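A.B. asks: coords below, sequence missing:
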Ligand SMILES: Cc1ncc(COP(=O)(O)O)c(C=O)c1O
Ligand SMILES: Cc1ncc(COP(=O)(O)O)c(C=O)c1O
């Protein structure tokens, strides 16, 4: 069943027990993103410490895919240098837009490789990227603020 | 050849030697009509004498069909009671919109029956009616003025 | 609901729709429950368009050659047949690219009235004037009015929706007043299935001299509708939701209104005279059809209307009602389902409700529910269905919608209900 | 003109067009010389649309089910292929219902800029600002600008046309000034065949900071066109003039302009967020595609573009040039013919001129001439061809136009020239 490929156990676990959820202070910048076709939304905050992602906190409503991928995001980027976080972001975007033809690198994406199956469903790619786009936007704003 | 049915000798004669052409004074009302698809136009004046069409004069540019039918119009209506002129107008409109299936009455339409062939060419019906629509409009205006 | 002599022969109908024979997701039978978004097209409609293009195609209203005559006849004959389908005169029907354009056309024409002649005075809007819509509108019948209000300084007001998905008509007299210039509302909600009381709304709008604009996108494809009998001033519907092609919508307008309404899109075929500095415009419907029209699509929609007429619109409505009742009954038996909009009463019936059934499954996001249904070959729509304010009002972020048409049958309903249960099983929700 | 390796195989092309096999007016072979109004459609285009509808049809950008995925892919893939055909990025292409809507879209969006945010400032027009068009425009690229001027208080100005049918470029610097906000002009005249000097117009417009809008309706179907290379800001063309379906036009806009331009039509699919009182809008191209799009038509136009690409646009242009030269040469030999627009020079050549040949026959009204041609099976267009001011400028009330496409050959030209002589014989004009 293709469906199980999409809804990997890892995804459902993150969905039921999201990591890093809730909006926290202090933060440098906040981003609000919405998926206009389904109304899913996320508000995400970033706290930088120099060139390091000190914290990511978020709140939102959405499907299992968007919620789980935001949860995975926090695991992947918090505590990492911004440059490394963006490497992961690029890898995740590439994976998601690869139509199931991109082989994910577990060293880079860790739990994120569970989303490989989602890439085969183009309508869900936006869900998987929602939190990541918010992260990208928030970091850009934070860097705009801190420089 | 179908074409000869449309371009009856009578029509070509009226086209080459139009009756009643030129704008004359006095007049009660004037109407300007245009065929927006081809730019053909006619300016037509009506002079009423009580309930009688005393004069119709006109000027315009257009194809043989529009010019000839206006010429025929003047023959048919000048000197006639307005009511009779409108009977002829109705008969002519009916003939033209009849798609070639209406049998024209020569007693009513005289030279106008030559246009029976035109009715088979829907794109030319507007040409044949241009002067008649101007007449109808001008009489309506004249009656608005004289009452 | 009047009872038609015999039920719809769904098997015969299905045979006309090639796409229904295909499979999806590794060989699953396609259960297409997304006709509220767009319908499928029968062979007869596709054939009619192709026959026109292969035999009579030419630019209409412009040439004097034989093909031009034939094409013009086909186009105007199509207009007449489609007009008759909704009780209108051919001259009262304007072809647009979709229903959305039709609503925008009226809104923009009203915006243009201020810089037009005195004959357009009744369309002028400004500060102090009000536009009334409802909370259950599709974005197509909401955003154009928001924009018109913003451009003209008029105020936008709206009817609320009750918990069971009906218009809150207790607000009728306070909302629709002497200040109201337009009342725009949907005939049948694309989310709730709710059929609104056109009579009451038209009566009140008339009493205060307001224009009415009916969004008939979800009614015309599914039931017998007669615009003059309803008494609305304007109405729109879309070809692609009623077996016809994309790229064609219909705007109905009462003749005397179309005659004085300023143009919207301008260009070829809608003019009377053009000079470099100024132009005058043709009478309706041409005045509102700038540029080369959707000729072959109009011919195809006329074929669609013929197809529906042969089935009989009362029979179509009855058939969909049967499927709707079966669906509502089935969903009521599944724990954890919340249906948006009118549900069955104690006698197992529901009135003034069409065949769109939207719902949420407790604990499962609509996107996820839709995905599991899709995996079983069941095509439903998930999201806010272009009615975001309505979802906000009902306090759900999104919903799952199943919508029916002439090619659906009780087997589709059964497959759908089984699919909903499978969704719950998959996510362990129940 | 570059020489393609081999000439167009017209017989092979004709076999793809069923309609060309039919007869008209009592068994006469159809000589279709009205492609300037609308082209015919090859089997490949009709098949592509039907295959989409019978296999993948569903609403795009809205569903999560398999058909919705397939339809969305087909639609966006079509956009990419059509964009590539004119050298553009997919995101720079907006689908409209025809070219006329595309021009209206830009004109209305500019009108909306005044009530939009600061990012739209460069689109705002008002008293003192000027819009420049030309005297040879199709009504589609004239009337929308007249209306915009009327609504905003801006002034409309225009380039004159020389006796031989070229733009009077001596006016360039005095017409296009710091006051100019938009310069809208046709790439190739639908009456004269004249190809305008885009470079000079774009250079001057850029120098004064004016936006350029190119009407490419008669160039894109007939020659290789690259909008970014031309440097225009906006451009439009129509599907039905290039083997594609009715009901589809294309607006090209430079990305940075589309990104800040306010929306025109509003409704579903073009929004970002909607509340009852206000909405925000999606990025381009979605922002400009309100409502259900012309999905199957876009798929069909992509097939048309593929068809043309296989032929090769340089070869298409060369073929039409050959027919045009033969026609001009033939008409020059007939006494009493006045050709509007550029004619052959002493060497028998003509540059910067496409395949529309309009003319008047001394003593015979164009309507009458067209009728005699029609009687011989030759379909030409008569009238002002939606360019009334141009006809007034050339002091003719109307003209006869023969226009060519890939399925025409020298036999068609011969038939046409014989037809013109027969017309003169019929009316005894010569
Ligand atoms: C030069 C030119 N511009 C604009 C148009 C309008 O195109 P459409 O009618 O497809 O909108 C046409 C064709 O009619 C044309 O030839
Ligand atoms: C109720 C309602 N109104 C308007 C529309 C818009 O129709 P279209 O997208 O064809 O313009 C739709 C369908 O999407 C609808 O369901």
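C.D. replies: On my side now, so go ahead. What you are looking at is a predicted structure, and each value in this text was computed from that prediction instead of being measured. Ligands and ions are numbered 1, 2, ... in the order given.
A.B. asks: how much space between the residue most central in space within chain C and residue D:267?
C.D. replies: Chain C has residue C:217 as the residue nearest its centroid, 0.8 Å off, counting by CA atoms, centre = their mean. For residue C:217, the distance to residue D:267 under the criterion CB to CB, to the nearest Å works out to 11 Å. For every residue, glycine as well, the C-beta is placed using N, CA and C.
A.B. asks: give me the common contacts of these two.
C.D. replies: Jointly contacting residue C:217 and residue D:267 under the rule CB atoms under 8 Å, 6 or more residues apart in numbering or on different chains are C:138, C:140.
A.B. asks: that's a helix at residue C:121, yeah?
C.D. replies: Yes. Under the criterion used here (DSSP: H, G, I helix; E, B strand; the rest coil), residue C:121 sits inside a helix.
A.B. asks: residue C:181 is in contact with that one, correct?
C.D. replies: No. The pair residue C:121 / residue C:181 is not scored as a contact, 11.6 Å apart, by CB atoms under 8 Å.
A.B. asks: the two: which has the busier surroundings?
C.D. replies: Summary of the neighbour comparison: residue C:121 and residue C:181, criterion other CB atoms under 10 Å in any protein chain shown, with residue C:181 having more neighbours (23 against 11).
A.B. asks: spell out the secondary structure type for that one.
C.D. replies: The assignment at residue C:181 comes out as strand when based on three-state DSSP.
A.B. asks: which residues touch it?
C.D. replies: Contact criterion CB under 8 Å, 6+ apart gives C:110, C:125, C:129-131, C:154, C:210-211 as the residues in contact with residue C:181.
A.B. asks: which parts of the stretch 251-400 of chain C are helices?
C.D. replies: Counting by DSSP state H, counting those that start in this stretch, one finds helices in the stretch 251-400 of chain C at the ranges C:255-260, C:295-311, C:313-332, C:366-375, C:388-393.
A.B. asks: the closest residue in space to residue A:120 that isn't next to it in sequence and residue A:5, how far apart?
C.D. replies: Closest residue to residue A:120 in three dimensions, ignoring its sequence neighbours and counting by CB to CB, 6 or more residues apart in numbering or on different chains: residue A:100, at 3.9 Å. Computed with CB to CB, the distance linking residue A:100 and residue A:5 is 9 Å.
A.B. asks: also residue C:338?
C.D. replies: Relative to residue A:5, and taking CB to CB, residue C:338 is found at 30 Å.
A.B. asks: which residues of chain C score low on pLDDT?
C.D. replies: Within chain C, the ranges that satisfy pLDDT under 70 run C:1-5, C:429-430.
A.B. asks: show me how it divides into domains.
C.D. replies: Taking automatic domain parsing as the domain assignment, the record places the domains of chain C at C:10-41+C:312-428, C:46-309.
A.B. asks: ok, which of those domains comes nearest residue D:357?
C.D. replies: Taking CB to CB as the criterion, residue D:357 comes closest to domain C:46-309 out of these, the separation being 15.9 Å.
A.B. asks: now the end-to-end length of that closest one.
C.D. replies: One end of domain C:46-309 sits 17 Å from the other (CA to CA, to the nearest Å).
A.B. asks: next one: stretch C:90-99
C.D. replies: For stretch C:90-99, the first-to-last residue distance is 18 Å (CA to CA).
A.B. asks: check whether that stretch comes into contact with chain D.
C.D. replies: Yes. Contact between stretch C:90-99 and chain D, assessed by CB under 8 Å from any CB of the partner chain, occurs at C:96-99.
A.B. asks: and the furthest pair within these?
C.D. replies: C:97 and C:99 (9.3 Å).
A.B. asks: name the residues contacting each of these two.
C.D. replies: With contacts defined as CB under 8 Å, 6+ apart, the residues adjacent to both residue C:97 and residue C:99 are C:249, D:291.
A.B. asks: what comes up buried for the helix ranked longest in chain A?
C.D. replies: With residue count as the measure and DSSP state H as the assignment, chain A has helix A:122-146 as its longest helix. Neighbour-count burial for helix A:122-146 flags A:122-139, A:142 (criterion: 16 or more other CB atoms under 10 Å in any protein chain shown).
A.B. asks: now do stretch A:12-31
C.D. replies: Of the residues in stretch A:12-31, those buried by neighbour count under the rule 16+ other CB under 10 Å are A:12, A:14-15, A:18-20, A:27-31.
A.B. asks: who does residue A:41 bridge with?
C.D. replies: Using DSSP bridges, the bridge partners assigned to residue A:41 are residue A:34, residue A:61.
A.B. asks: do you know how far it is from residue A:32?
C.D. replies: From residue A:41 across to residue A:32, the span is 7 Å (CB to CB).
A.B. asks: same check, this time on residue C:225
C.D. replies: Between residue C:225 and residue A:32 the computed distance is 42 Å (CB to CB).
A.B. asks: what does stretch A:99-114 contact?
C.D. replies: A:8-11, A:14, A:69, A:72, A:75-76, A:87-88, A:91-92, A:94-95, A:115-117, A:119-120, A:122.
A.B. asks: quick check on those: which are buried?
C.D. replies: When neighbours are counted using 16+ other CB under 10 Å, the contacts of stretch A:99-114 contain these buried positions: A:8, A:10-11, A:14, A:69, A:72, A:76, A:88, A:91-92, A:95, A:115-117, A:119-120, A:122.
A.B. asks: so residue C:187 sits right up against residue C:216, yeah?
C.D. replies: Yes. At 4.7 Å, residue C:187 counts as touching residue C:216 under the criterion of CB under 8 Å.
A.B. asks: of those two, who's got more company?
C.D. replies: When neighbours are counted by other CB under 10 Å, residue C:187 and residue C:216 differ, and residue C:216 comes out ahead with 27 against 24.
A.B. asks: hmm, that one is touching residue C:224, no?
C.D. replies: No. In terms of CB under 8 Å, residue C:216 does not count as a neighbour of residue C:224; the distance is 11.8 Å.
A.B. asks: hang on, the earlier thing: who touches both of residue C:187 and residue C:216?
C.D. replies: Contacts common to residue C:187 and residue C:216, judged by CB under 8 Å, 6+ apart, are C:225, C:235.
A.B. asks: chain A: strands as residue ranges?
C.D. replies: Per DSSP state E, chain A has strands spanning A:29-35, A:40-49, A:52-61. These are given in chain order.
A.B. asks: out of the ones you listed, flag the one nearest residue C:376.
C.D. replies: Ranking these by distance to residue C:376, with CB to CB as the measure, places strand A:40-49 first at 23.0 Å.
A.B. asks: for the closest one, which positions count as buried?
C.D. replies: Applying a neighbour-count criterion of 16+ other CB under 10 Å, the buried positions in strand A:40-49 are A:40-48.
A.B. asks: and stretch C:223-232, end to end?
C.D. replies: The separation between the terminal residues of stretch C:223-232, taken as CA to CA, is 17 Å.
A.B. asks: quick one on the thing from earlier: can you tell me if the longest helix of chain A touches chain C.
C.D. replies: Yes. Part of helix A:122-146 sits close enough to chain C to count as contact by CB under 8 Å from any CB, namely A:124, A:127.
A.B. asks: and that helix, what does it pack against?
C.D. replies: Using 3 or more CB pairs under 8 Å, 6 or more residues apart in numbering or on different chains; DSSP states H and E as the contact test, the elements touching helix A:122-146 are strand A:29-35, strand A:40-49, strand A:52-61, helix A:64-77, helix A:82-96, helix C:366-375, helix D:66-85.
A.B. asks: for these, which one ends up most surrounded?
C.D. replies: Of those, the one with the most neighbours on average (mean count of other CB atoms under 10 Å in any protein chain shown) is helix C:366-375, at a mean of 27.
A.B. asks: which residues are in contact with residue 87?
C.D. replies: Looking at chain A here, since you left the chain open. Taking CB under 8 Å, 6+ apart as the criterion, residue A:87 is in contact with residue A:108.
A.B. asks: switch to chain C, that's the one I care about
C.D. replies: By CB under 8 Å, 6+ apart, the contact list for residue C:87 reads C:225-229.
A.B. asks: now the buried members of the residues you listed.
C.D. replies: Neighbour-count burial (16+ other CB under 10 Å) applied to the contacts of residue C:87 gives C:225, C:227.
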